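*Asks:* give me a 3D structure for the following:
(one chain, ligands or ions: 1)
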Amino acid sequence: MNLIFELSKPGRASSLLPECDVPAAFPDERFCRAKAPNLPEVAEVDLDRHYNHLADEAFGVCDGFYPLGSCTMKYNPRINEEIATLPGFADIHPLQPASTVQGALETMALTCDLLAEITGMDAVTLQPAAGAHGEYTGLLLIRAYHKAAGDTARTTIIVPDSAHGTNPATASMAGFDTVNVPSNEQGGVDLDALRAAVGPDTAGLMLTNPNTLGLFDPNILEICAIVHEAGGLCYYDGANLNPIMGIVRPGDMGFDCVHLNLHKTFSTPHGGGGPGSGPVGCKEHLAAFLPTPVVEERDGAYVLVEPEHSIGRMKSFYGNFGVTVRALAYILALGKEGIPQAARTAVLNANYLMRKLEDLYTMPYPGPCMHEFVMDLGPLKEETGASALDVAKRFLDFGMHPPTMYFPLIVHEALMVEPTETESRETLDAAAEAFRAIWHEAHENAEALHSAPLTTRIGRPDEVQAARKPVVRWTPEEPERPAAQEGAE
Ligand SMILES: *Cc1c(COP(=O)(O)O)cnc(C)c1O
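*Replies:* Alright, predicted model coming up:
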């Protein structure tokens, strides 16, 4: 496929601008580039086709089953997109006086209230732009809390080995040392190891729950108690709230703060690097440290105020507002009955698919699972030579997106499958059939699986090259595209 630059022909254009009817004004010479930018010149029809072809090359939730564990690639109702683009939401400016955007502020305030209710927290900020950004915000709250109490010796954050990879990364970004705690045989936190890890240096614990094995930790109350007793605070990674929303609340389990991924659980399309949102909820004792500003209702009007000991701004303006609008539309549409129903269906779908596969594939943690489950392809690889990568790649030939591969790290040949609540029984059955067919192929001719997928335009890109030396820029001097570009799918 050609790049848009390669389609360019001098003089072609997609725009038809009216004659300029005001005096031309040029910026200071100092600010001008020396040479005109080398922009592609293409006709509208070619431009349109180019991007349509590109869209056809991509695989999204609207193309087929997308069980990418941990990422919650569920279907997002179209109406939420429409609501987010209503002019009252989309055509306002963040610098408008608060009195002219009362509806937008009310939208934010109501979303905060509902998220506080769903998580069992007292206050919420919508500022963080993603899950990991929410984690960072939460840890800054924890740091500010200890600092305000004069407790400067608390420099470590405890992270179980079943945590999402962003947790230890966030802890070190926030300036803490990370203490790793192993899992027990059931895939939960090893309580003895946790007891041994806490101490006067413990600032807090970050718990991903359900964890990356798709398991709800049955000892969660005790985990919280152990950390609190040592003087630490408890952070709940609630990026995957979809199996528990409306059923249990991190706040009731004893957690001090939590982040959610609106772009996973609450209906915003993601995966292409588009805007996300990772709101953070906290209990009363952390609320004074929240990022500024927060929305409050005072004398019948919504105003933006700065929390007393705010950690400052985490993002310009008020977070990704369009994502907030989608989340609010989703929560209000589902309501008190719909939210837990979605959670139950997420859990049901994952368990259904797991049961349909467990006679062939090894389930290292037999469950029941929450919204996702992890398969161990180690035994299949030993027996046939077909790896988790081979199975995942072959899955593409069935018109479905592969599961997450080689994560979590505590299962070496892991495939992590998250069907989500929006899939029908027929789709789950088709996925089970595909996995079963691949298992038989592995036993009959594992060699053939090594070259899967056979039906996609790009088969096996050099992922190492693509990650280490990505070619993301077109340079007119070298029209030849190097091999690594193929990898940068
Ligand atoms: C996705 C995810 C994150 C990170 O969220 P981003 O929006 O990608 O930063 C953190 N924790 C868990 C458990 C997740 O699944």
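
*Asks:* return the residues of the stretch 151-300 of the chain in contact with the ligand.
*Replies:* 164, 166, 208, 237, 239-240, 261, 276, 278 (C-beta under 6 Å from any ligand atom). (C-beta placed from N, C-alpha, C; glycine too.)

*Asks:* max pairwise distance over those residues: which two?
*Replies:* 208 and 276 (17.3 Å; C-beta to C-beta).

*Asks:* give me the more crowded residue out of the two.
*Replies:* The residue with more neighbours, out of residue 208 and residue 276, is residue 208; 25 against 21, by other C-beta atoms under 10 Å.

*Asks:* my guess is that one contacts residue 165, does it?
*Replies:* No. With contact defined as C-beta atoms under 8 Å, residue 208 does not reach residue 165; the gap is 9.6 Å.

*Asks:* pop the domain breakdown of this protein in here.
*Replies:* 1-11+24-56, 79-334, 341-468 (automatic domain parsing).

*Asks:* backbone phi and psi for whichever residue of the stretch 1-150 of the chain sits closest to the ligand, please?
*Replies:* Residue of the stretch 1-150 of the chain nearest the ligand, by C-beta to the nearest ligand atom: residue 131 (2.3 Å). Here is the backbone geometry of residue 131 (degrees, to the nearest 10): phi -60, psi -50.

*Asks:* what's the answer for residue 298, then?
*Replies:* Main-chain torsions, residue 298, degrees, to the nearest 10: phi -130, psi 120.

*Asks:* and the gap between it and residue 255?
*Replies:* The spacing between residue 298 and residue 255, counted by C-beta to C-beta, to the nearest Å, is 29 Å.

*Asks:* those two: which is more packed in?
*Replies:* Per other C-beta under 10 Å, whichever of residue 298 and residue 255 has more neighbours is residue 255, with 30 against 8.

*Asks:* which residues does the more buried one contact?
*Replies:* Neighbour list for residue 255: 207, 224, 234-236 [criterion: C-beta atoms under 8 Å, 6 or more residues apart in numbering].

*Asks:* and which of the residues you listed is nearest residue 442?
*Replies:* residue 207 (36.0 Å).

*Asks:* so that closest one sits in a strand?
*Replies:* Yes. Residue 207 forms part of a strand when assessed by DSSP: H, G, I helix; E, B strand; the rest coil.

*Asks:* excluding sequence neighbours, find me the nearest residue to it.
*Replies:* Excluding the flanking residues, the one nearest residue 207 by C-beta to C-beta, 6 or more residues apart in numbering is residue 236, at 5.9 Å.

*Asks:* likewise for residue 177?
*Replies:* Nearest non-adjacent residue to residue 177, counting by C-beta to C-beta, 6+ apart: residue 156, 4.7 Å away.

*Asks:* and for residue 173?
*Replies:* Of all residues beyond its chain neighbours, the one nearest residue 173 is residue 136 (6.0 Å), with distances taken as C-beta to C-beta, 6+ apart.

*Asks:* cool, and residue 201?
*Replies:* Closest residue to residue 201 in three dimensions, ignoring its sequence neighbours and counting by C-beta to C-beta, 6+ apart: residue 156, at 5.0 Å.

*Asks:* surely that neighbour is in contact with residue 176?
*Replies:* Yes. Counting by C-beta under 8 Å, residue 176 is a contact partner of residue 156 at 6.0 Å.

*Asks:* quick one, which of those two is more surrounded?
*Replies:* Taking other C-beta under 10 Å, residue 156 and residue 176 do not tie; residue 176 has more neighbours (24 against 21).

*Asks:* tell me the pLDDT of the more buried one.
*Replies:* Per-residue pLDDT puts residue 176 at 98.

*Asks:* for the nearest residue to it once chain neighbours are set aside, list the residues it contacts.
*Replies:* Using C-beta to C-beta, 6+ apart and skipping the chain neighbours, the partner closest in space to residue 176 is residue 157 (4.3 Å). By C-beta under 8 Å, 6+ apart, the contact list for residue 157 reads 139, 171, 174, 176-179, 202-206.

*Asks:* state whether residue 157 is indeed within a strand.
*Replies:* Yes. Assigned with three-state DSSP, residue 157 falls within a strand.

*Asks:* that one pairs with what?
*Replies:* residue 178, residue 204 (DSSP bridges).

*Asks:* can you tell me the helix or strand for the nearest residue to residue 422 once chain neighbours are set aside?
*Replies:* Distance criterion C-beta to C-beta, 6+ apart; nearest residue to residue 422, sequence neighbours excluded, is residue 75 at 4.0 Å. Taking DSSP states H and E as the definition, residue 75 sits outside all helices and strands.

*Asks:* for residue 306, grab phi and psi.
*Replies:* Here is the backbone geometry of residue 306 (degrees, to the nearest 10): phi -100, psi 120.

*Asks:* again with residue 64
*Replies:* phi 170, psi -180.

*Asks:* who are the contact partners of it?
*Replies:* Contacts for residue 64 (C-beta under 8 Å, 6+ apart) come out as 399-401.

*Asks:* just the buried residues of these.
*Replies:* When neighbours are counted using 16 or more other C-beta atoms under 10 Å, the contacts of residue 64 contain these buried positions: 400-401.
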